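1. I'll drop the sequence and a predicted model, then ask my questions.
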Amino acid sequence: RILLRTVIIEGDSKRIPPPQLYITHSQMSFSEEERKELKDHPELLSGINADVQFVAQYSMHLGNYWSVQLILFIVLMIVAFFSFLIRVYSLNRSLQTLAWQSKHFGMTLAMLCGTFSNYLFWFLFVNCAYWW
């Protein structure tokens with residue numbers, strides 16, 4: 001008889017312990033005559049001993065995880081874009097002009113890179129913390 005048990009750890013939902021496999025077996029007993037015969041003819045044991053092989057296979061279905069990650073990434077990029085627009089608007093207000101000027105292109109490009117890299121850093125940080 002083979003029984004596979006899984007244990008649930010109370011209060012710690014992030015840890016999955018390995019399942020435990022319990023094997024109940026019965027032992028065959030031989031008389032002295034049978035033992036002598038088996039000792040003299042070991043080929044008779046071929047049908048008695050069973051070959052046992054254990055294989056463990058774990059599969060993680062990450063379909064929902066990637067769907068959620070894609071949605072969060074898109075929302076984060078939209079928020080980062082609006083944050084970038086607010087920063088550009090604030091820059092233009094501080095320079096007392098709303099007209100596009102070529103000399104502000106470098107500052108705007110630096111703001112774009114800074115804003116998106118800031119949001120991407122926190123996105124990566126949260127993902128690493130999730131998997132740790």
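-> Received it, and whenever you're ready, just let me know what you need.

2. ok, which stretches of the chain are strands?
-> All strands of the chain, identified by DSSP state E, fall at 2-5, 20-23.

3. Pick out the shakiest of these, pLDDT-wise.
-> Per-stretch mean pLDDT for those is lowest at strand 2-5 (a mean of 66).

4. Neighbours of the residue lying closest to L72 once chain neighbours are set aside, how many?
-> Leaving aside its sequence neighbours, L72 sits nearest to F123 (Cβ to Cβ, 6 or more residues apart in numbering; 7.5 Å). For every residue, glycine as well, the C-beta is placed using N, CA and C. F123 has 16 neighbours, counted by other Cβ atoms under 10 Å.

5. Look up how far R87 lies from F123.
-> 18 Å (Cβ to Cβ, to the nearest Å).

6. related to what we said a few turns ago, which pLDDT value goes with the residue nearest to L72?
-> According to the model, F123 scores 92 on pLDDT.

7. ok, now which ones touch the residue nearest to Y119 when sequence neighbours are not counted?
-> Spatial nearest neighbour of Y119, excluding adjacent residues (Cβ to Cβ, 6+ apart): A80 at 4.1 Å. Shown in contact with A80 (Cβ atoms under 8 Å, 6 or more residues apart in numbering): 115-116, 118-120.

8. Among those residues, name the buried ones.
-> Taking 16 or more other Cβ atoms under 10 Å as the criterion, what is buried in the contacts of A80 is 115-116, 119.

9. For the closest residue to R87 other than its chain neighbours, give me its contacts.
-> Among residues not flanking R87 along the chain, M111 sits closest, at 5.1 Å (Cβ to Cβ, 6+ apart). Contacts for M111 (Cβ under 8 Å, 6+ apart) come out as 84, 87-88, 91.

10. which two in the residues you listed are spaced the farthest apart?
-> Within the contacts of M111, two members stand farthest from each other by Cβ to Cβ: F84 and L91, at 10.5 Å.
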